[in-house]
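> structural data only, the sequence is not supplied:
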DNA sequence: CTCTTGTTTCGAAGTTTGTCGATGTCCCGT
DNA sequence: ACGGGACATCGACAAACTTCGAAACAAGAG
């Protein structure tokens, strides 16, 4: 049973995050941009997910296996479910190395969100 | 500049969300902080809400009345509902002047979210 | 006071989301 | 080849969310 077939998850490609959106204070968001950015914010809108994300982001080397971060108070399938959502939103990438699966932060996505918010400090 | 000093910021706005959270990449979020920040991200996790917020933020003088921004494709009660959610999340403040209600951005909330994300660009 | 305009609140659909236990898949020791 | 550990997927269910029309509330004009 080969796993050559690619599961199509056309929600958000990792590329979609990079060239996105002027600062939130400079101009009203278009309907298209607001939908795209809202999907990213939604990925971080759950406490468990946000905590998982921060654990990956702050982990040594910028990557962590699930076993290192799964102690967040919910069951293991729930952790897997949340990590999948973060992956689909383009915020995390995963890679299997041997027994473990390692997650790391997709830098472009963070930069997009930060860029939208940082111009508001003036 | 690795100072982990206390986040006692100037008390301009007694709104919530002011004293919050180290950068997402520096340390894992506590359960309490993740809940608080997730609530803010959730407020921006809806396309309509994000568009309303950007309209207020980018409006002249940093404030806008509902009549100026309510053309986002949903009914007017729905607009009011979303504005209430943004208000409850500490992202917007409202003030009635005569017939109209004016909304403006709570700067501390934006700064908190931006601060969490900006340290990831290195 | 009454009428009109701007905004919020009130139920009530219909849909989405977070969570779990059970089960399946992949990989490493033995 | 076998057993066991690490993650992912499945099916189900309660809670939360978005949205609407109808109605209530607030303020100004006539």
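Now that the structure is in, tell me what you want to look at. Small disclaimer: the values here were computed from a predicted structure and weren't measured.
> got a pLDDT number for the most centrally placed residue in chain A?
Among the residues of chain A, residue A:91 comes closest to the average C-alpha position under C-alpha atoms, centre = their mean, at 1.9 Å. On pLDDT, residue A:91 comes in at 96.
> double-check it against residue A:112; I have them as touching.
No. Applying C-beta atoms under 8 Å as the test, residue A:91 and residue A:112 come out as separate, 10.1 Å apart. The C-beta positions use only the backbone N, C-alpha and C, and glycine is treated the same way.
> find residues that contact each of the two.
Residues touching both residue A:91 and residue A:112 (C-beta atoms under 8 Å, 6 or more residues apart in numbering or on different chains): residue A:40.
> how about the residues of chain A near DNA strand C?
Within chain A, the positions lying close to DNA strand C (C-beta under 7 Å from any atom of the strand) are A:1, A:3, A:42, A:45-46, A:48-49, A:74-75, A:77-78, A:81-82, A:85, A:96, A:98-99.
> so where's chain A uncertain?
The model of chain A has pLDDT under 70 over residues A:1-19, A:119-122.
> need the strands for it, in chain order.
Ranges of strands in chain A, per DSSP state E, are A:63-65, A:92-97, A:100-105.
> and the residues of chain A next to DNA strand C, which are buried?
Buried by 16 or more other C-beta atoms under 10 Å in any protein chain shown: A:42, A:45, A:46, A:48, A:49, A:82, A:85, out of those.
> turn the residues you listed into JSON lines, columns for distance to DNA strand D.
Converted to JSON lines, these look like this (distance: C-beta to the nearest atom of the strand, whole Å):
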{"residue": "A:42", "distance to DNA strand D": "9"}
{"residue": "A:45", "distance to DNA strand D": "9"}
{"residue": "A:46", "distance to DNA strand D": "10"}
{"residue": "A:48", "distance to DNA strand D": "14"}
{"residue": "A:49", "distance to DNA strand D": "13"}
{"residue": "A:82", "distance to DNA strand D": "9"}
{"residue": "A:85", "distance to DNA strand D": "10"}
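> let's have those in TSV, adding distance to chain B.
Formatted as TSV, those follow (distance: C-beta to the nearest C-beta, whole Å):
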residue	distance to chain B
A:42	4
A:45	4
A:46	6
A:48	8
A:49	8
A:82	12
A:85	12
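> in helices, which of those residues appear?
The helices, defined by DSSP state H, take in A:42, A:48, A:49, A:82, A:85 from these.
> stretch A:90-102 and DNA strand D in contact?
Yes. Contact of stretch A:90-102 with DNA strand D (C-beta under 7 Å from any atom of the strand) involves A:94, A:99, A:100, A:101.
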